[in-house]
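>>> curious how this folds, go ahead:
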Amino acid sequence: MRMMKFFRPNHRHANDAWERMVPIWHLVFYLTLIFCTVITVAFERDLDQTQRLLALGLSIAFGVWHYVLIVYLPLPYVRPRPMLLYVAVATALTLSLINIHPVYWLLIFNVYGQTYGVLPLRWAIPASIGVTAAVTWQSFFARGFAWENVLPAATLFVASIVFGSVMGWFIDSVINESEKRKKLIAELNATRAELAQREREAGTLQERQRLAREIHDTLAQGFTSIVMQLEAAEQALQNDPASAQKFLDTARQTARSSLDEARRVVAALRPELLEQDSLPNALQRTAERWSQENGIVAHTNISGEIAALAHEIEITLLRAAQEALTNIKKHAHASHVELSLAYSGDVITLDVQDNGIGIHANGNAMSAQSGFGLIAMRERVAQLGGKVTVESARGEGTTVAVEIPIIAESVKRESPRIIANLHE
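Predicted coordinates for the structure are as follows:
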């Protein structure tokens, strides 16, 4: 069982509360030693010059002895035998100084503290018994044996042993509990880091799957169509130039559409709008640009008290709006779109509503439960604890609603500090 290590300044747990007590313990010892020496040498008139010089010399020797073995050399716990020697010499020096002047009794408290501070408990208790025996002898029998002193000496001896042992056990239990708690916290942090790493890997995998679906649904199909149109144009070039030109025009249009899709995918990967502006303004600019490119009226409505959100939430909402607008362009045949962003207490809601033909209006329309874009949107929102709802009716348009619990950015910044406070 190990006791306090507050005399080892280079210990790896130097930021521990006990370790921070190291300078204080040293300061208390040296201030006590200096105080006793000044009182003895400068103010005690009953001592002769030899006694004063002896007190000064022993005090200096005690200070040097403490510095070499306790302050300078990292011997506590690593070398218990030299620490036993330190305690023995410290006890002898203290008792010698007490013989010169009783003010040096103040050093006894330092001797006991150092005994339990530099030795393991199984060594410290026997050492403290030896210190107590020496102090008892110095107090009652140094100048002659007397039976009337036996009972007071025995009482002092037993009381000192019991008190020192109980205090040593208590301090050792506190330190051991602190060590266990520190170990548990380290394991918790390691587990948390591992979980975070797994979440990042899972997020990366999901993003790769989403990109694979995006590329399959857009670029791959577009390239396939271009190849087919060019092959058809090549076959019709000699016999029917007009048809060949038609195939070339179709290929050109498909290439342009595929280029737009590629730009959309890149924009989804790098939401530069959010780097330059807030989420409401980013949605406004996205809707305006989309309206200009497609000739469809798009309005943006913001309600509630605007708050800074976690970056992941803002990116998810922006991508959801982009995905919904892309689906409207492909399938809805709408003339008007409304984007509504509502900050409602602990949730934020994005609604994208069009006045198009609605889902299932024809055989080629996208269903509410299919489509890689919607699937990716649902997965991304679900990772943040939210949900995606699609409402539609034939000829009455479609509404895509995204609802996500709000995680304020200020709370996210404060969370490491709160956790650190709980650890202290």
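>>> give me phi/psi at residue 400?
Backbone dihedrals for residue 400, given as degrees, to the nearest 10, come out at phi -110, psi 120.
>>> who's in contact with it?
Contact analysis of residue 400 by CB atoms under 8 Å, 6 or more residues apart in numbering lists 320, 324, 327, 351, 352, 353, 374, 388, 389, 390. Using the backbone N, CA and C atoms, a C-beta is placed for each residue, glycine as well.
>>> so what sits opposite it in the bridge?
In this entry, residue 400 is beta-bridged to residue 352, residue 390, by DSSP bridges.
>>> need the helices for the stretch 101-250 of the chain, in chain order.
For the stretch 101-250 of the chain, helices defined by DSSP state H, counting those that start in this stretch occupy the ranges 107-118, 121-140, 150-215, 221-236, 241-269.
>>> for the longest one, packing partners?
On a contact count with 3 or more CB pairs under 8 Å, 6 or more residues apart in numbering; DSSP states H and E, helix 150-215 meets helix 107-118, helix 121-140, helix 241-269, helix 372-383.
>>> so the protein: which segments form each domain?
Residue ranges for the domains of the chain, per automatic domain parsing: 19-145, 278-424.
>>> counting neighbours, which of the contacts of residue 400 comes out on top?
Most neighbours among the contacts of residue 400, by other CB atoms under 10 Å: residue 324, with 28 neighbours.
>>> how far away is it from residue 379?
15 Å (CB to CB, to the nearest Å).
>>> what strand or helix carries residue 301?
Assigned by DSSP states H and E, residue 301 falls within strand 297-303.
>>> would you mark the buried spots in that strand?
Under the neighbour-count criterion of 16 or more other CB atoms under 10 Å, strand 297-303 has 298, 300, 302 buried.
>>> which strand residues bridge the second one?
In this case it means residue 300. For residue 300, the beta-bridge partners are residue 339 (DSSP bridges).
>>> just to check, it is in contact with residue 290?
No: the criterion here is CB atoms under 8 Å, and residue 300 misses it with residue 290 at 10.6 Å.
>>> could you say which of the helices of the stretch 101-250 of the chain is packed most deeply?
helix 107-118 (a mean of 22; mean count of other CB atoms under 10 Å).
>>> only C-alpha atoms, please: export it in CSV.
Listed in CSV are the C-alpha atoms of helix 107-118, where the atom choice follows Å, rounded to 0.1, in the frame of the first residue of the first chain:
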residue,chain,number,x,y,z
LEU,A,107,9.5,20.6,14.3
ILE,A,108,8.0,17.4,15.7
PHE,A,109,4.9,18.0,13.6
ASN,A,110,7.1,18.2,10.5
VAL,A,111,8.8,15.0,11.4
TYR,A,112,5.6,13.1,11.7
GLY,A,113,4.3,14.6,8.4
GLN,A,114,7.5,13.7,6.6
THR,A,115,7.4,10.2,8.0
TYR,A,116,4.0,9.5,6.5
GLY,A,117,4.8,11.5,3.4
VAL,A,118,7.9,9.8,2.2
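>>> check what pLDDT the residue nearest to residue 206 when sequence neighbours are not counted gets.
What sits nearest to residue 206 in space, not counting adjacent residues and going by CB to CB, 6 or more residues apart in numbering, is residue 379, at 6.1 Å. Predicted confidence (pLDDT) at residue 379: the value is 81.
>>> same check, this time on residue 32
Confidence score, pLDDT, at residue 32: 91.
>>> from residue 322, how far off is it?
Taken as CB to CB, the span from residue 32 to residue 322 is 73 Å.
>>> next: residue 116.
The gap separating residue 116 from residue 322 is 68 Å, by CB to CB.
>>> what does residue 152 give?
90 Å.
>>> ok, back up a step: export the helices of the stretch 101-250 of the chain to CSV and tack on mean pLDDT and distance to residue 70?
Shown next, in CSV, are these (pLDDT from 0 to 100; distance: least, CB to CB, whole Å):
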stretch, mean pLDDT, distance to residue 70
helix 107-118, 77, 7
helix 121-140, 74, 14
helix 150-215, 76, 17
helix 221-236, 83, 77
helix 241-269, 78, 61
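>>> save those helices as JSON lines, and put in distance to residue 283 too.
JSON lines is the format used below for the helices of the stretch 101-250 of the chain (distance: least, CB to CB, whole Å):
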{"stretch": "helix 107-118", "distance to residue 283": "64"}
{"stretch": "helix 121-140", "distance to residue 283": "66"}
{"stretch": "helix 150-215", "distance to residue 283": "21"}
{"stretch": "helix 221-236", "distance to residue 283": "27"}
{"stretch": "helix 241-269", "distance to residue 283": "13"}
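>>> and of the ones you listed, who's closest to residue 73?
Closest of the helices of the stretch 101-250 of the chain to residue 73 is helix 107-118, at 10.9 Å (criterion: CB to CB).
>>> tell me which other helices or strands the closest one touches.
Under the contact definition 3+ CB pairs under 8 Å, 6+ apart, helix 107-118 sits against helix 22-38, helix 80-100, helix 121-140, helix 150-215.
>>> could the ones you listed go into TSV alongside distance to residue 53?
Converted to TSV, these look like this (distance: least, CB to CB, whole Å):
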stretch	distance to residue 53
helix 22-38	11
helix 80-100	10
helix 121-140	22
helix 150-215	32
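>>> out of the ones you listed, nearest to residue 256?
Comparison of the helices and strands packed on helix 107-118 against residue 256 by CB to CB identifies helix 150-215 as nearest, at 17.4 Å.
>>> helix 372-383 and the closest one, what's the angle between them?
170 degrees (axes from the mean of the first three to the mean of the last three CA atoms, to 10 degrees).
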